[in-house]
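> Pasting a predicted model and its sequence here:
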Amino acid sequence: MKKIAILSDSACDLPDSVIEKYNIKLLPLRIIYHDREYRDRIEIKPQEVYDNIEKEVPKTSLPVPEDIIDAFDSLVDEGYTDAIVITISSNLSGTFNLIKLLARDYERLNVKVYDSKTLGIFLGFIVKEVAAIAYNQNMEDIMNKAKEIRSKLKGCYVLKTLTYLRKGGRIGKVEGTVGELFNIKPIIGINDEGVYFTIAKIRGRKRSISKIKSMILEEFKDKKYNIAIIHGGAEEEALELYESIKNIGHIIDGHISQISPALGVHTGPGLIGYAAYEV
């Protein structure tokens, strides 16, 4: 009898309640300061990163191989025969390639690795949807479900500054270096290849958040959908945005999500945006 597990990395931003409900295994990315190192979401929380980011911008790195192998071993001990690992975009992290390499040589479990070409709660939505059906579906159907949800995802965000995205080398196709001098805020999305790009350029923070609200209205006003308002150290603005959109269309599942430390390092404090898909 096959028993299929779902794994992801800590950049999926799913709340602990969902992780526990579906027994999703998280592979922690690493947050590296000059004198210490933390496992993302296990040994450090997002607000700690934002509180100290003026003093030091840490680096991030892949899960250590030992954590990945330990997770595989744990699944075998729990009676799982198969596993699907859904990772952060391979164009933003080497996590996908590392896990694929380790899975190839791991003989106690049949492992498939899926490159989500996204990150954060966008990735989390895929993981949650497939975890909900993993108990009664085969590997192929679960992989197809992951691709289906990925194709439906909509969303974007705006930052207070592009400084951290640029420092971390994650700037992708985002424009706006000169525009920052004139308070031009790029609305940033992630394309089908898992790379950041500019959706629109708006002057000022209030107008940029208002633009995000209008994008939600345009996309979902007559639809049933799941949505997460995402933020990085900007909870008050996230609450305001959620209140302003909660009567748009028919929200099946809506919540506010703070991005993980591993992502917050590259965006800095002040990120605000949304991730959603029609159901």
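Now that the structure is in, tell me what you want to look at. Note that the coordinates shown come from a computational prediction; the quantities given were computed from them, not determined experimentally.
> Could you work out the end-to-end span of stretch 80-93 for me?
Across stretch 80-93, the terminal residues are separated by 27 Å (C-alpha to C-alpha, to the nearest Å).
> buried ones in stretch 71-89?
Residues 71, 72, 75, 80, 82, 83, 84, 85, 86, 87, 88, 89 are the ones in stretch 71-89 that count as buried (16 or more other C-beta atoms under 10 Å). Bear in mind the C-beta positions are built from the backbone N, C-alpha and C, glycine included.
> Is it correct that the fourth one is in contact with residue 110?
Read it as residue 80. No. Using C-beta atoms under 8 Å, residue 80 makes no contact with residue 110, being 9.4 Å away.
> in stretch 62-71, what's buried?
Buried residues in stretch 62-71, counted by 16+ other C-beta under 10 Å: 62, 63, 64, 67, 68, 71.
> which residues sit in contact with the third one?
This means residue 64. Under the criterion of C-beta atoms under 8 Å, 6 or more residues apart in numbering, the neighbours of residue 64 are residue 30.
> how near is it to residue 39?
Distance, residue 64 to residue 39, by C-beta to C-beta, to the nearest Å: 8 Å.
> Would you mind listing the residues touching both of the two?
Common neighbours of residue 64 and residue 39 (C-beta under 8 Å, 6+ apart) are residue 30.
> which residue ranges form the helices in the stretch 1-150 of the chain?
Assigned by DSSP state H, counting those that start in this stretch, the stretch 1-150 of the chain shows helices spanning 16-21, 46-52, 65-77, 95-104, 120-133, 139-152.
> worst average pLDDT in those?
With a mean of 85, helix 46-52 has the lowest mean pLDDT of these.
> So for the top helix by length along the chain, what gets flagged as buried?
Assignment by DSSP state H gives helix 205-220 as the longest helix of the chain. Neighbour counts using 16+ other C-beta under 10 Å place 205, 208, 209, 211, 212, 215, 216, 219, 220 of helix 205-220 among the buried residues.
> which intervals of the stretch 151-279 of the chain have sub-threshold pLDDT?
When residues are selected by pLDDT under 70, those of the stretch 151-279 of the chain lie in 168-173, 175-182.
> Can you spell out the domain ranges of this structure, please?
Using automatic domain parsing, the domain parsing of the chain gives 4-28+63-151, 154-278.
> So which of these is nearest residue 55?
Nearest of the domains of the chain to residue 55, taken as C-beta to C-beta: domain 154-278 at 12.9 Å.
> all helices for the stretch 151-279 of the chain, in order.
Here the stretch 151-279 of the chain has its helices, by DSSP H, counting those that start in this stretch, at 163-167, 205-220, 235-245, 261-267.
> Once you drop chain neighbours, what's closest to the residue most central in space within the chain?
Note on the chain: the residue nearest the mean C-alpha position is residue 120, at 1.0 Å, using C-alpha atoms, centre = their mean. Setting aside the residues directly before and after it, residue 120 is nearest to residue 13 in space (C-beta to C-beta, 6 or more residues apart in numbering), at 4.9 Å.
> Please report how far the one you found lies from residue 126.
The value you get for residue 13 to residue 126, if C-beta to C-beta is used, is 12 Å.
> again with residue 243
27 Å.
> between the two, which one's more packed in?
residue 126 (27 against 10; other C-beta atoms under 10 Å).
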